[in-house]
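# Here is a sequence with its predicted model. Questions after.
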Amino acid sequence: MEIKERLNSTVKKIKTIRINKRVSQMELSLRSNLSQSFIANIEKGKKQPSVLTLIKIADALGVNPQDFFPETAKYSSKEQAKEKIHQLLELF
């Protein structure tokens, strides 16, 4: 999977989790202390979230940041998943 595809997959996962939890962009904005327009731009793929931003969004949604990386589900061990997450976070 290419870098751009991984980023697209990650931002789609953020939006899916937000919608499944019935959280509006505005509510996520308030919870995460990020602007609503910034969140919208992340979800549209116009902005690339930093690691700190991913952590803020995850905390605001009550999930683990690794939940934004569906690729990690295919790894058999926690160590393999952690290594993959570390590699993906370096991309951001």
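Alright, I've got the coordinates.

# Tell me which stretches of the chain form helices.
Taking DSSP state H to define them, one finds helices in the chain at 3-20, 25-32, 36-43, 51-61, 78-91.

# Between these, which one is closest to residue 68.
Ranking the helices of the chain by distance to residue 68, with C-beta to C-beta as the measure, places helix 3-20 first at 4.9 Å. Where you see a C-beta, it was placed from the backbone N, CA and C, and this is true even at glycine.

# burial count for residue 22?
Applying other C-beta atoms under 10 Å, we find 7 other residues in the vicinity of residue 22.

# where among the helices of the chain is the average confidence lowest?
Considering the helices of the chain one by one, the lowest average pLDDT is found for helix 78-91, at a mean of 68.

# Quick check: chain neighbours aside, which residue is closest to residue 58?
The spatial neighbour of residue 58 that comes closest, neighbours along the chain excluded (C-beta to C-beta, 6 or more residues apart in numbering), is residue 65 at 4.2 Å.

# Over to residue 89?
According to C-beta to C-beta, 6+ apart, the nearest residue to residue 89 is residue 51 (5.3 Å).

# if I read this right, the one you found contacts residue 85, doesn't it?
No: contact between residue 51 and residue 85 fails when scored by C-beta atoms under 8 Å: they sit 10.3 Å apart.

# who has more neighbours, these two?
Applying other C-beta under 10 Å to residue 51 and residue 85 shows that residue 85 carries more neighbours, namely 18 against 12.

# Including distance to residue 69, could the helices of the chain go into a markdown table?
Formatted as a markdown table, the entries for the helices of the chain read as follows, by distance: least, C-beta to C-beta, whole Å:
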| stretch | distance to residue 69 |
| --- | --- |
| helix 3-20 | 6 |
| helix 25-32 | 18 |
| helix 36-43 | 15 |
| helix 51-61 | 9 |
| helix 78-91 | 5 |
